[in-house]
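Trainee: Give me coordinates for this.
(chains A and B)
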Amino acid sequence: MTSTSATDTAVPPPTTGVQKHRALSDRAIINLFIWPTLIILIAFNVFPLFYSLFLSFTDYSAIAGRPPVWVGFDNFNRVLFSEDMWRAFTITGRYVLFSVALELVLGFALALLIREQFRGSGIVTTLILIPMMLSPVVVGLFWKLIYTPTFGYFNYLIGFRNPTVAPDWLASRFAGQPMPGLALWAVIIVDVWMWTPFIALLIYSGLRAIPDYLYEAAVIDRASSWFQFRRITLPQVMPLMLIAVLFRTIEAFTKSFDLVMGMTGGGPGGQTEVVAVKIYQQAFLGQFQTGRASAFAYMVLIIVIAISNLYIRNLNKMRED
Amino acid sequence: MATFEETGPRHPVTESTRVDKVHPRARLAKNVRAIVVIIVAIMLLFPVFVMMMTAFKSRSDVVSIPPKLIFEPTLEGFVFLLTERSQLSGAALEEARANADELGIFGQVALRNGQRITGPSDFTIRLRNSVIIAFGATVASVTLGLFAAYAFSRFDVPGKGDLMFFILSGRMLPAVVVTIPIFLMYRQLGLHDTHAGMILIYTVFNLSLTVWLLKGFIDEIPREYEEAALVDGYSRFQAFYKIVVPQAATGIAATTVFSLIFVWNEYAFALMLTSQKARTAPPAIATMLGRGGIEWSAIAAGTLVFLVPVLVIIFALRKHLLRGVTFGAIRQ
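Mentor: The predicted model follows:
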């Protein structure tokens, strides 16, 4: 394509051969431009959701070769009163809570550190984003190697020199004894590693938008630096932190699947079975309980839609400011 | 009244363009901060270094206790990853050793383990699938997204807010949730485990990203350019492709790259909607662990093959990273 700037394209008058284009009204252009996108979204997003809503009221297995049998609210009842589901939600909840809290605190600290630019700060802020841009499943895999108690680096770095008395993170064992929760923490650590730089950058972009005169006024009033932080910095970046929290919460239901599958596959003994992994196991492994998995998935869907609604609303507010 | 020149500043000057005027404490604080940031960055990147190192370790170096930082680099990992080999013994091995000079680098590495390369491995097919599917889906989603974004940016589309929300909400859905019905749908339509099926599903999921990002970029192009063109007798469509598209070139490039990264990294759909023919690299790397002993160096090599394009892209795009991740809401 020739590089045309606005000034020289405006000069040559159109040839008469393109009259049929001009016949297109704005209305027609809108339809022509938007409908392909909408149709494909309806076919692959809306229709499947209705289909799975139907499936969630049926007893159906994708591999059984029998048509779905209507069972009413049976699946929802079973899912709601199954310990498995609550366990998966508890694990997901803990995962979100701890990882997001750590990411916010560490991210805020990092943002304050990179707030003032120094020579090479541009390249450093780019480099620390590398983890986030990697495929989570691949990240999970190579952290599996790093966590290996015998030939992995992690234990040696945090000071365990002897593999026999060191934690075996992904097996939730410490010096041969079971230590429940360790595997989940291993996943949380990786999550924090991946996403803290992103949160830091988000907060940093908020920090840069704070006008200097607020701080100048505070200095004139002899406000302490703690007061400045609490009354100026924090409220000004609050909307961005909210966006970060919502974004990460949605991700915990979506991307956590890749990370957990790469690292533990849900193990040991289901200790890292987050909601997405649980649904996957129900729907695509063993007996392929498609109907019940659909019901489970729908409950997650409602939660995710609620959170993403909040998220998009906040994004829009941000955009308008 | 005393002027500034007579009394000087009331506070110690902490910032100045003249280095000798900066308060030493402030200068020190700045240096300390820079050093801390660099240390944090090194810590954050350590796992990536480990992965790069492991890719070049030999089998025995990978599992040495304690882990080695200094080792003799080898291409074993890449050979394991990219080729199928057969074990040689006796006379065949002797013969192969005698003709070692004729072999390529990979062949010689394999020979050191007494093996002969019999052909490319499955993983090369997976990589090819990844490339085909990533490019197919990206071209489709950026093209469709560009049209839709232009319409949303320039016209009063009825129910614009709701439509934009609808477009974005698709992306928030967990892959697992959407995949159950799509899996059944694909089986009916014969799209399961096909390139076309994967391109379609990724196109759908990238549309939300491309529409939102491109709308942001097009919003920034002044309307006056097109209006001038329209006055000069251009049709809307001509104004779109002769003025808006070239002006949005940077934005289109950035969007394209985000779309590529997403497909390149995607795991969940690929795991559930493909089995053999159209399987992409991420689920293939994940299952590599299960097959015949853990070949960590091969996995690390696979990860590295995967990482390099992403690294290049990050550097090319560093100005737009934040924007891409937040659907254009936040600009760096």
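
Trainee: Quickly list the domain ranges of the chain.
Mentor: Because you didn't say which chain, this covers chain A. A:19-70, A:75-320 (automatic domain parsing).

Trainee: To clarify, I was referring to chain B.
Mentor: Domain ranges of chain B: B:19-55, B:72-120, B:123-325, per automatic domain parsing.

Trainee: all strands of the chain, in order?
Mentor: Just so you know, I chose chain A. A:58-59, A:69-70, A:167-168, A:173-174, A:177-178 (DSSP state E).

Trainee: meant chain B, my bad for not saying
Mentor: B:83-87, B:115-120.

Trainee: For those, give me TSV that also has mean neighbour count.
Mentor: Using the backbone N, CA and C atoms, a C-beta is placed for each residue, glycine as well. Converted to TSV, these look like this (neighbours: other Cβ atoms under 10 Å in any protein chain shown):
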stretch	mean neighbour count
strand B:83-87	15
strand B:115-120	14
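
Trainee: Dump those to a markdown table, plus mean pLDDT and distance to chain A.
Mentor: Listed next are the strands of chain B as a markdown table, based on pLDDT from 0 to 100; distance: least, Cβ to the nearest Cβ, whole Å:
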| stretch | mean pLDDT | distance to chain A |
| --- | --- | --- |
| strand B:83-87 | 75 | 21 |
| strand B:115-120 | 76 | 21 |
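
Trainee: Any chance of these in TSV with distance to B:I182 as columns?
Mentor: What follows is those, written out as TSV (distance: least, Cβ to Cβ, whole Å):
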stretch	distance to B:I182
strand B:83-87	33
strand B:115-120	31
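
Trainee: sorry, back to before: which of the domains of chain A is buried the deepest?
Mentor: domain A:75-320 (a mean of 19; mean count of other Cβ atoms under 10 Å in any protein chain shown).

Trainee: on that earlier part again, to chain B, which of the strands of chain A lies closest?
Mentor: Ranking the strands of chain A by proximity to chain B (Cβ to the nearest Cβ) places strand A:58-59 first, at 11.8 Å.

Trainee: hmm, back to that, could you redo the strands of chain A as TSV and give each row distance to chain B and mean pLDDT?
Mentor: Shown next, in TSV, are those (distance: least, Cβ to the nearest Cβ, whole Å; pLDDT from 0 to 100):
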stretch	distance to chain B	mean pLDDT
strand A:58-59	12	86
strand A:69-70	15	82
strand A:167-168	14	81
strand A:173-174	18	80
strand A:177-178	21	80
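
Trainee: out of the ones you listed, nearest to A:A111?
Mentor: For the strands of chain A, proximity to A:A111 was assessed by Cβ to Cβ; strand A:167-168 is nearest, at 30.8 Å.

Trainee: And the contacts of that closest one?
Mentor: Strand A:167-168 has contacts (Cβ atoms under 8 Å, 6 or more residues apart in numbering or on different chains) with A:P149, A:N155, A:F160, A:R173, A:F174, A:A175, A:M179, A:L182.

Trainee: Pull the contacting residues for the last one.
Mentor: What that stands for is A:L182. Contacts for A:L182 (Cβ under 8 Å, 6+ apart) come out as A:P167, A:D168, A:W169, A:S172, A:R173, A:F174.

Trainee: and with 7 Å instead?
Mentor: A:P167, A:W169, A:S172, A:F174 (Cβ atoms under 7 Å, 6 or more residues apart in numbering or on different chains).

Trainee: what do you get for the third one?
Mentor: When contacts are counted by Cβ under 7 Å, 6+ apart, A:F160 touches A:A166.

Trainee: Can you give me the distance of it to A:I305?
Mentor: 44 Å (Cβ to Cβ, to the nearest Å).

Trainee: Likewise for the fourth one?
Mentor: In this structure, A:R173 lies at 39 Å from A:I305, with Cβ to Cβ as the measure.

Trainee: try the fifth one
Mentor: Between A:F174 and A:I305 the computed distance is 40 Å (Cβ to Cβ).

Trainee: and what of the second one?
Mentor: Computed with Cβ to Cβ, the distance linking A:N155 and A:I305 is 41 Å.

Trainee: got it, and the first one?
Mentor: Applying Cβ to Cβ, the value for A:P149 to A:I305 is 41 Å.

Trainee: Spit out the contact partners of the residue lying closest to A:V304 once chain neighbours are set aside.
Mentor: Among residues not flanking A:V304 along the chain, A:F253 sits closest, at 5.3 Å (Cβ to Cβ, 6 or more residues apart in numbering or on different chains). Residues near A:F253 by Cβ under 7 Å, 6+ apart: A:T92, A:V275, A:A276, A:V300, A:V304, B:P174.

Trainee: same question, A:L41
Mentor: Here A:L41 is in contact with B:I167, B:G170, B:V204, B:L207 (Cβ under 7 Å, 6+ apart).

Trainee: go with 6 Å
Mentor: B:G170 (Cβ atoms under 6 Å, 6 or more residues apart in numbering or on different chains).

Trainee: Same check on the one 3 residues further on?
Mentor: With contact taken as Cβ under 6 Å, 6+ apart, A:F44 is in contact with B:V204.
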